[in-house]
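Q: Sharing a model that was predicted from the sequence below.
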Amino acid sequence: MIGEMTPLEQARVQALPVEQLEDLSEALLDFSTAADLETWLAMYPNPTPQPNA
């Protein structure tokens, strides 16, 4: 376990489109530190939050 996400990281992950969430779910298997998530999120622009359907 790499620890808890910050509120900003949580918001960024929750706003990701499904395709990027799938990519993240695979990448998480290789993460060993919290910095790995920060690095992964930095590769993607801040997504625009989608309204709930």
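A: Alright, I've got the coordinates.
Q: For the chain, just list every one of the helices.
A: Counting by DSSP state H, the chain has helices at residues 7-14, 18-27, 34-42.
Q: deepest of those, which one?
A: Of all these, helix 34-42 carries the top mean neighbour count, a mean of 14, counting by mean count of other Cβ atoms under 10 Å. (C-beta placed from N, C-alpha, C; glycine too.)
Q: Residue 5 versus the residue nearest in space to the middle of the chain, what's the distance?
A: The C-alpha lying nearest the average C-alpha coordinate of the chain belongs to residue 13 (Cα atoms, centre = their mean; 3.7 Å). Distance, residue 13 to residue 5, by Cβ to Cβ, to the nearest Å: 7 Å.
Q: if I look at residue 6, how far off is residue 34?
A: 9 Å.
Q: picking that back up, reformat the helices of the chain as CSV; add mean pLDDT.
A: Converted to CSV, the helices of the chain look like this (pLDDT from 0 to 100):
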stretch, mean pLDDT
helix 7-14, 92
helix 18-27, 94
helix 34-42, 92
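Q: hang on, the earlier thing: if I read this right, the residue nearest to the centre of the chain contacts residue 25, doesn't it?
A: No: contact criterion Cβ atoms under 8 Å: residue 13 and residue 25 do not qualify, at 10.4 Å.
Q: and the closest residue to residue 3 other than its chain neighbours, what is it in contact with?
A: Leaving aside its chain neighbours, residue 3 sits nearest to residue 34 (5.1 Å; criterion: Cβ to Cβ, 6 or more residues apart in numbering). Counting by Cβ atoms under 8 Å, 6 or more residues apart in numbering, residue 34 touches 2, 3, 5.
Q: mind checking how far residue 6 is from residue 15?
A: In terms of Cβ to Cβ, residue 6 sits 14 Å off from residue 15.
Q: Please disregard the earlier target; I meant residue 2.
A: On the measure of Cβ to Cβ, residue 2 and residue 15 end up 20 Å apart.
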